[in-house]
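Q: With the sequence up front, the predicted model follows.
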Amino acid sequence: MSEGLFRRVLVIGTGLMGTSTALALHRSGAEVLLEDLDAGNLRVAVSLGAGTPFSGASPDPEPDLVVVGVPPAVLGNVVADALERFPTSPVTDVGSVKAAALADVERLAPDAVERYVGSHPMAGSEQSGPLAARADIFDGRAWAITPHPRSRDDAIAVVEQLARTCGAFPVRLSPSEHDEAVALVSHVPQVAASVVAGLLTTAAEGHLMLAGQGIRDVTRIAAGDPKLWTQILSANATPVARLLHEAASDLQRFALTLEKLEPEELRDALERGGTGVRRLPGKHGARQESFTSIPVLLQDQPGELARLFADVGGAGVNIEDVRMDHSPGTPAGLVELAVHDDAVPALLAALERHGWTVHG
Ligand SMILES: NC(=O)c1ccc[n+]([C@@H]2O[C@H](COP(=O)([O-])OP(=O)(O)OC[C@H]3O[C@@H](n4cnc5c(N)ncnc54)[C@H](O)[C@@H]3O)[C@@H](O)[C@H]2O)c1
Ligand SMILES: O=C(O)C(=O)C[C@]1(C(=O)O)C=C[C@@H](O)C=C1
């Protein structure tokens, strides 16, 4: 590597995560080689400009890094195989569970495990495959780096550089600490989304017509690949099951509180949720800032969103976050613009000047 940038990286597994990593590396100027068991996925990744197919012949020089983006059940095998095929390259993976993969690598490649440093970008999508890949998917996101006691310092530095090169910020923690953390912030939310979305399967069509943004926010990730999530949850079963028992007893208490109509207890439980959500960090891991959301009515026609953004940008107001609400059967939508509290007067003035309707 020179000046912290990668010259050549091999990405094994060109699905959603592998192709996104390859696109981000390619964007940084690295030569990216690609490999996948599925010739179709490899072809799509190449056609998206993620890199060139790896011929299989030993590259000279060896890759600065090998990134493995395959399903959790085969991670350890593919990482161990890469450590053997490339005797000097550091190897990482982007798998969602770290301790199980490390145990497999330690068993299968005990003499090369020093060059392996696990990692996990905390970004993704409910979609799979290279067509859903994006170069900017990691921008501003945390990327867990999970060295083990035998990981070499230079290999750790290279994997942290991967996170930064892809636009993320590295967060270092042990594999088991990582697995505890993602059980809470990723795996239990997936189960909760699946349970709530599962209730929709028997709902009356007419009731579903009332679906607004709330149910969509809570259930988006339930559309994730069941095969992938079965592997993720199985690999992290113990901490996830423990938290699910805790959540189940909270739900039980909620139901009893409602049956006994105890408004004080109900409010306490709802306030606890608010306290929890405010603890989530904001952009780039910083403390969450206080924003005001301004709902703007938008006609459902081409160019409206671009016109709105241009009017807001023209007033010198930075949009911190944006959210759209499409109600079924209506020709208009609601866009919520989140801005810093002190930018609200300028935003409202600009919206009025340009004829936008602000709701509420
Ligand atoms: N989906 C997410 O949001 C997300 C986010 C962070 C991390 N991850 C992790 O990233 C990894 C990949 O997930 P994904 O969503 O990209 O899955 P995906 O299904 O989109 O892609 C997986 C790819 O691996 C290929 N593959 C399977 N076995 C292989 C092998 N032995 N050798 C070479 N290629 C092989 C498949 O053909 C496929 O192209 C998983 O371990 C997952 O836990 C996923
Ligand atoms: O945003 C999403 O769609 C995701 O599900 C991403 C998400 C997450 O839980 O944050 C899902 C699983 C991965 O291991 C990492 C990221």
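A: Everything's here; your move. Ligands and ions are numbered 1, 2, ... in the order given.

Q: ok, and does stretch 147-166 reach over to ligand 1?
A: No - Stretch 147-166 does not reach ligand 1 (C-beta under 6 Å from any ligand atom); its nearest approach is 12.0 Å. Yep, even glycine has a C-beta here, placed from its N, CA and C like the rest.

Q: try stretch 61-72
A: Yes - on the criterion C-beta under 6 Å from any ligand atom, stretch 61-72 is in touch with ligand 1 at G69, V70, P71, P72.

Q: Please name the residues that touch the nearest residue to the last one once chain neighbours are set aside.
A: Read it as P72. Spatial nearest neighbour of P72, excluding adjacent residues (C-beta to C-beta, 6 or more residues apart in numbering): Q231 at 4.2 Å. Q231 is in contact with P71, P72, A73, counting by C-beta atoms under 8 Å, 6 or more residues apart in numbering.

Q: T238: which of the residues you listed is nearest?
A: P72 (15.2 Å; C-beta to C-beta).

Q: And that closest one, how close does it get to A197?
A: 22 Å (C-beta to C-beta, to the nearest Å).

Q: Of those two, give the one with the bigger neighbour count.
A: More neighbours surround P72 than the other of P72 and A197, with 21 against 16 (other C-beta atoms under 10 Å).

Q: thought that one was touching I232?
A: Yes - the pair P72 and I232 passes the contact test of C-beta atoms under 8 Å, sitting 5.6 Å apart.

Q: Find residues that contact each of these two.
A: S96, V97.

Q: got the contact list for the closest residue to A223 other than its chain neighbours?
A: Closest residue in space to A223, ignoring its immediate chain neighbours: E126 at 4.3 Å, by C-beta to C-beta, 6+ apart. Each residue near E126 by C-beta under 8 Å, 6+ apart is listed here: R220, I221, A222, A223, G224.

Q: Would you write a PyMOL line that selects the buried entries of those?
A: Applying 16 or more other C-beta atoms under 10 Å to those, the buried members can be selected in PyMOL as follows:
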select buried, resi 221+222+224
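
Q: distance between the ends of stretch 169-183?
A: From its first residue to its last, stretch 169-183 covers 20 Å (C-alpha to C-alpha, to the nearest Å).

Q: what residue ranges in the stretch 51-200 of the chain score low on pLDDT?
A: Counting by pLDDT under 70, not a single residue of the stretch 51-200 of the chain qualifies.

Q: which residues in it form helices?
A: For the stretch 51-200 of the chain, applying DSSP state H, counting those that start in this stretch gives helices covering 75-85, 99-108, 153-165, 175-182, 188-199.

Q: hmm, the last one in reach of ligand 1?
A: No - judged by C-beta under 6 Å from any ligand atom, helix 188-199 stays clear of ligand 1, getting no closer than 9.9 Å.

Q: Show residues contacting that helix.
A: With contact meaning C-beta under 8 Å, 6+ apart, helix 188-199 is reached by 215, 218-224, 229, 232-233, 240, 243-244, 247.
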